[in-house]
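Engineer: sequence first, then the predicted structure:
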Amino acid sequence: AILLLENQSKYNILYFYSGGVWNRSNIDTISSVIVLNVSNLRGNNYQNNTSKKYNSSDKLFVKTLGYYSPNDGGGGDYYWDDTATVADNGGTVIKPTSVSGAGRWKLQYDRSLNVLQFGAKRDNVTDDRAAFVAAIEALKHISVHSGDLLYSKGVLFVPGGKYYLSDSLLIDTIMGIEGVKSGSYDYMESQLNFAANKTGIRVKMNSDGTGAAYCHISNLYLRSNGSSTDTTKSGISANSRLYLDNVYVDNFGGNGFEIKTNVSGNANHSYIANCHAFFNQLNGLYLVGLESNAITILNFNAITNGECGILDESFLGNTYLGGHSLSNGSRNSVHRRWVYHNSVYYLSKANNNIGIEPGVTSGWEDYWTPLSGPDGAVDIYGWGADTLYYKSLAFSSEGVAQKAAIFGFYTESGQGPVAISPRSMWIG
């Protein structure tokens, strides 16, 4: 075999002990090469070293010490497939520049891929979106278990670091995304920083039930950079079943987290645990649709979002265990929630609130909540008869058919009250 040491002035060779004798000849049976990075793998002809194979049926192997440089986290073990013609994807498939036909280096992996092995730099400056997209696409080609359509395609691992992404990520296959499980806001190790006015992660089930029927996302911090005012761009948006654990969403123009099955999809029996929504333009968590029911939400935290901490407009309702809501409705936004009228601060608690003068119009109590004022800096104007105002509550689950169960949910000051349907239950 070949031992290739690049840019090394000194090195040691360690011989392996075999049958009581240090056997130097055994080195010739090792068909592997060590190179510095993927660029060297692509730019050299290591696949031509077939004379060093112990058996003609053996595969040639190359180990990269990193993607760009040794120990940058993007290294891997590749084997040579001389029949492959698939395109170079910058991660699991590398085509040498000298090869015009068949022959590719293929990454050895089971059901997990590392985004650094696709060239992500995690420096919060370089656009890492292409690396994420390529890795997600590569996961789609993992074979599923025979006869089981819901067998996951695998997991994309996101090592600690700050990743800048110029646009959204689309998940349209059954898979997971996992960051590093340590730290909490804003010390999360795996941070995805998206360009302003972009959705963060979109999880899509197709109308025929294909696509992302299920997605697991954990240990990530998602943030929208700059001034994000586009209310259609949320942190995580899904119409399919989700398992979310320890995910933070911050500063998006739409909702922090949204599950919407009012058009298509099925998110029944999702699970959301230890997730946090901060300073998003609309709601911290928004659930809507006929198939957004029987979801368990554990220890959800909503702070300073523009409308409600949690707005649940599902058909049948969901279960909430623990949780916290503080100062929602206080983000300065294009939608109006607070007014100062006749020396009193009022906060809207209904959508499509127009022409209802707080403290004056008959039945105004159904539309407005008098409060001492918002927490934090908010531009507050006088009431306008022609202005459309939007709901802002600590917690809202008001569907006619809803039977929500809320246990031990803690609400604080500087926001609207709690509103739940007559069939729902609030304890603690």
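Structural biologist: Great, that's in hand.
Engineer: quick one, strands of the stretch 151-300 of the chain?
Structural biologist: Assigned by DSSP state E, counting those that start in this stretch, the stretch 151-300 of the chain shows strands spanning 155-157, 161-165, 169-171, 175-178, 190-194, 201-203, 214-224, 236-238, 241-250, 257-261, 271-273, 276-278, 285-289, 296-298.
Engineer: JSON lines please, covering those and showing mean neighbour count.
Structural biologist: Yep, even glycine has a C-beta here, placed from its N, CA and C like the rest. What follows is these, written out as JSON lines (neighbours: other C-beta atoms under 10 Å):
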{"stretch": "strand 155-157", "mean neighbour count": "20"}
{"stretch": "strand 161-165", "mean neighbour count": "21"}
{"stretch": "strand 169-171", "mean neighbour count": "20"}
{"stretch": "strand 175-178", "mean neighbour count": "22"}
{"stretch": "strand 190-194", "mean neighbour count": "24"}
{"stretch": "strand 201-203", "mean neighbour count": "23"}
{"stretch": "strand 214-224", "mean neighbour count": "23"}
{"stretch": "strand 236-238", "mean neighbour count": "26"}
{"stretch": "strand 241-250", "mean neighbour count": "23"}
{"stretch": "strand 257-261", "mean neighbour count": "25"}
{"stretch": "strand 271-273", "mean neighbour count": "18"}
{"stretch": "strand 276-278", "mean neighbour count": "25"}
{"stretch": "strand 285-289", "mean neighbour count": "25"}
{"stretch": "strand 296-298", "mean neighbour count": "18"}
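Engineer: out of these, flag the one nearest residue 390.
Structural biologist: Judged by C-beta to C-beta, the one of the strands of the stretch 151-300 of the chain that comes nearest to residue 390 is strand 285-289, at 12.5 Å.
Engineer: quick one: mean pLDDT for the closest one?
Structural biologist: Strand 285-289 shows a mean pLDDT of 97.
Engineer: now for that strand, which elements pack on it?
Structural biologist: strand 257-261, strand 310-314 (3 or more C-beta pairs under 8 Å, 6 or more residues apart in numbering; DSSP states H and E).
Engineer: and these as JSON lines, adding distance to residue 348 and mean pLDDT?
Structural biologist: What follows is the helices and strands packed on strand 285-289, written out as JSON lines (distance: least, C-beta to C-beta, whole Å; pLDDT from 0 to 100):
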{"stretch": "strand 257-261", "distance to residue 348": "20", "mean pLDDT": "98"}
{"stretch": "strand 310-314", "distance to residue 348": "13", "mean pLDDT": "96"}
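Engineer: let's have those strands in JSON lines, adding distance to residue 360.
Structural biologist: As requested, those are arranged in JSON lines below (distance: least, C-beta to C-beta, whole Å):
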{"stretch": "strand 257-261", "distance to residue 360": "35"}
{"stretch": "strand 310-314", "distance to residue 360": "27"}
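Engineer: how about these, which one is nearest residue 95?
Structural biologist: For residue 95, the closest of those is strand 257-261, at 39.7 Å, according to C-beta to C-beta.
Engineer: which residues touch the closest residue to residue 91 other than its chain neighbours?
Structural biologist: Distances taken as C-beta to C-beta, 6 or more residues apart in numbering place residue 118 nearest to residue 91, at 3.7 Å, with adjacent residues excluded. Contact partners of residue 118, counting by C-beta atoms under 8 Å, 6 or more residues apart in numbering, are 67, 74, 89, 90, 91, 130, 131, 132, 134, 135, 138.
Engineer: how about 10 Å then?
Structural biologist: Residue 118 makes contact with 38, 67, 74, 89-92, 107, 128, 130-138, 156 under the criterion C-beta atoms under 10 Å, 6 or more residues apart in numbering.
Engineer: which one of the helices and strands packed on strand 285-289 lies closest to residue 194?
Structural biologist: Nearest of these to residue 194, taken as C-beta to C-beta: strand 257-261 at 14.6 Å.
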